[in-house]
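> build the 3D model from these lines:
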Amino acid sequence: MSKAPLVVLEGLWWSKHEVPLVLPYFQALATSHKNIELSHRTFRSAADIKHYVSNIPKNAGAFLYFACHGHQLHLCPESKVSISTDEIIDALGFAKYGAVSFVHFGCCEMVDSRNRRGHHEQIMNACDARWVSGYTKEVGWLQPIFIELALVTEIYVPLRKQDGRSFKLKNQAENFFNMYEQTARQLGLSALTTVSGGEMLLPERLR
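Next up is the predicted model:
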């Protein structure tokens, strides 16, 4: 089994220069989990997303993780830059077949709480991913990082070892949300994944 590719696209966090704030956490993860292949890139625009996504190899099944500020369904990788959902969808459409299997937005307000399924489906369909997740609310720093490290190690990496069986993904996703339910609900974490028989929205309802 090849290593699980984790592609981190990180914004500038309002700085004028590259400030890879999430990178150390995922470097530590890749060091402790030898089956993870980490790739980190700084992005500033939709064109950057398009470029980096198009370079992920065919059938890589990568975990694509966005790390930057977010506001009302817009990525904000640097000051005065706002990337709309439509622009994100367009950029993800340049992914090669099977290149991306998971997409996670580690950013504030990147999921429409009024239409979670529809919003997730747009992202999922753009790059034919099997999992899309993000937050409906403004979030802090450490809690999302902990959730995201767990998401990679407890769902994404095991799924690759199981050859992508849908019923295993369903069980793992349910166990994940049960384990981290309190934190996930505080953050407004929402996910849509494909399972045997269709799609599963997690959690079913936001409180």
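
> can you give me the strands in this protein?
In the chain, the strands defined using DSSP state E lie at 4-10, 36-42, 62-67, 69-71, 74-76, 100-106, 131-135, 189-195, 198-202.

> ok, now which ones touch residue 118?
Contacts of residue 118 were listed using C-beta atoms under 8 Å, 6 or more residues apart in numbering, and they are residue 112. Just so you know, the C-beta spots here come from the backbone N, C-alpha and C atoms, and that holds for glycine as well.

> and it, how far is that from residue 201?
Note on residue 118: its distance to residue 201, by C-beta to C-beta, to the nearest Å, is 10 Å.

> and the helices in the protein?
Counting by DSSP state H, the chain has these helices, from start to end: 23-32, 46-54, 85-92, 116-127, 142-151, 157-161, 166-179, 181-187.

> quick one: buried residues of the first one?
Put plainly, it is helix 23-32. The neighbour-count check on helix 23-32 (16 or more other C-beta atoms under 10 Å) flags 23, 25-26, 29-30 as buried.

> tell me what that helix is packed against?
strand 4-10, strand 36-42, helix 142-151 (3 or more C-beta pairs under 8 Å, 6 or more residues apart in numbering; DSSP states H and E).

> low-confidence regions, the protein specifically.
Low-confidence segments of the chain (pLDDT under 70): 1, 162-167.

> can I get the CA coordinates of stretch 114-127 in CSV?
Taking C-alpha atoms only, stretch 114-127 is exported to CSV below (Å, rounded to 0.1, in the frame of the first residue of the first chain):
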residue,chain,number,x,y,z
ARG,A,114,-29.1,26.2,5.9
ASN,A,115,-28.1,23.8,3.0
ARG,A,116,-25.3,21.6,4.2
ARG,A,117,-25.9,18.7,1.9
GLY,A,118,-26.3,20.8,-1.2
HIS,A,119,-23.2,22.9,-0.4
HIS,A,120,-21.1,19.7,0.3
GLU,A,121,-22.4,18.1,-2.9
GLN,A,122,-21.2,21.0,-5.0
ILE,A,123,-17.6,20.5,-3.7
MET,A,124,-17.8,16.8,-3.8
ASN,A,125,-19.0,16.7,-7.4
ALA,A,126,-16.4,19.2,-8.6
CYS,A,127,-13.5,16.8,-7.9
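
> now do that stretch: distance to the chain's middle.
13 Å (C-alpha atoms, centre = their mean, to the nearest Å).

> and that stretch, what's buried?
Applying 16+ other C-beta under 10 Å to stretch 114-127 flags 116, 119-120, 122-124, 126-127 as buried.

> ditto for stretch 67-77
Using 16+ other C-beta under 10 Å as the test for burial, stretch 67-77 gives 67-70, 73-77.

> could you export it as CSV, CA atoms only?
C-alpha atoms of stretch 67-77 as CSV (Å, rounded to 0.1, in the frame of the first residue of the first chain):
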residue,chain,number,x,y,z
ALA,A,67,-6.0,26.1,6.0
CYS,A,68,-6.7,29.8,6.0
HIS,A,69,-9.2,32.4,7.2
GLY,A,70,-12.8,31.9,5.9
HIS,A,71,-15.9,34.2,5.9
GLN,A,72,-19.4,33.5,4.8
LEU,A,73,-18.4,30.6,2.4
HIS,A,74,-15.4,32.5,1.0
LEU,A,75,-11.8,31.5,1.5
CYS,A,76,-9.6,34.4,2.6
PRO,A,77,-6.0,33.3,2.1
